[in-house]
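Asker: Below are the sequence and a predicted model; questions follow.
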Amino acid sequence: MGLEGRVGGKAWRMQLGRPTRNYILGEELRARAELNVRDEVAVLVMNRPLKEALEKKAYSIYTDQMQTSVDASLPEEMRWLAMFEEVGWEGPSEAFWDRFAVLTDRRENAVAWVDDKLAELMVAWPAPAPSAEVPFMVLLLRGKGYLRMEYSPADLSTLRHASRIFTACCESALKNIGQ
């Protein structure tokens, strides 16, 4: 199944299918948009339980005495945990910060992208809402926008709200990050 649309003249596509990450159980909802924003901008927003699970897994991999090199098949998100700092700022609600972590190499890019409207959309899921433990992330990387999440609960309201979040991510990037 796939959805397509345009935001700010840029095409985006959302697909539902088999998971491409081992931390996603059941179906995975993925979206991507070629935004052509500044290539050097790298910002990842992920839910805290996912961040904690990836950190725990990365720690066990890196401290395993038998491990002599880093597995190239590790998800990119695990490498981000090592490369980028978690940042915060005034603005988004306490509910946002309780649920999500924002990782980046440049705090000002995160502040520009994750505006209050976007942060509120991420916490305001309609019922039945995904729990805070459901893997969820949005990111800007190499000029593109992405969404990746476990499709749970698997219903139309989840799909609609995920697409609203993703298009808001794209709109904010186009408006606030630039080319």
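Answerer: That came through fine.

Asker: now the helices for the chain?
Answerer: 48-63, 76-83, 94-99, 107-113, 116-123, 156-176 (DSSP state H).

Asker: Can you tell me which of those helices is nearest to Gly145?
Answerer: Nearest to Gly145, of all those, is helix 156-176, at 5.0 Å by Cβ to Cβ. All C-beta atoms are positioned from the backbone trio N, CA, C, and that covers glycine.

Asker: How about that closest one, which residues are buried there?
Answerer: By 16 or more other Cβ atoms under 10 Å, the buried positions in helix 156-176 come out as 158-159, 161-163, 165-174.

Asker: Check stretch 127-138 too.
Answerer: Buried residues in stretch 127-138 (16+ other Cβ under 10 Å): 130, 134-138.

Asker: Point out where the protein drops to low pLDDT.
Answerer: Applying pLDDT under 70 to the chain flags the ranges 1, 61-74.

Asker: ok, the spatially closest residue to Met137 that is not a sequence neighbour to Glu94 distance?
Answerer: Leaving aside its sequence neighbours, Met137 sits nearest to Met46 (Cβ to Cβ, 6 or more residues apart in numbering; 4.0 Å). Per Cβ to Cβ, to the nearest Å, Met46 is found 18 Å from Glu94.

Asker: Please identify which of the two sits among more neighbours.
Answerer: Met46 (25 against 8; other Cβ atoms under 10 Å).

Asker: Would you check how far apart the more buried one and Ser93 are?
Answerer: 17 Å.

Asker: and if you look at Pro49?
Answerer: 18 Å.

Asker: And Leu174, by the same measure?
Answerer: 24 Å.

Asker: What of Asn109?
Answerer: For Asn109, the distance to Ser93 - Cβ to Cβ - is 21 Å.

Asker: Compare these two and say which is more crowded by neighbours.
Answerer: Using other Cβ under 10 Å, the more surrounded residue of Asn109 and Ser93 is Asn109, with 21 against 14.
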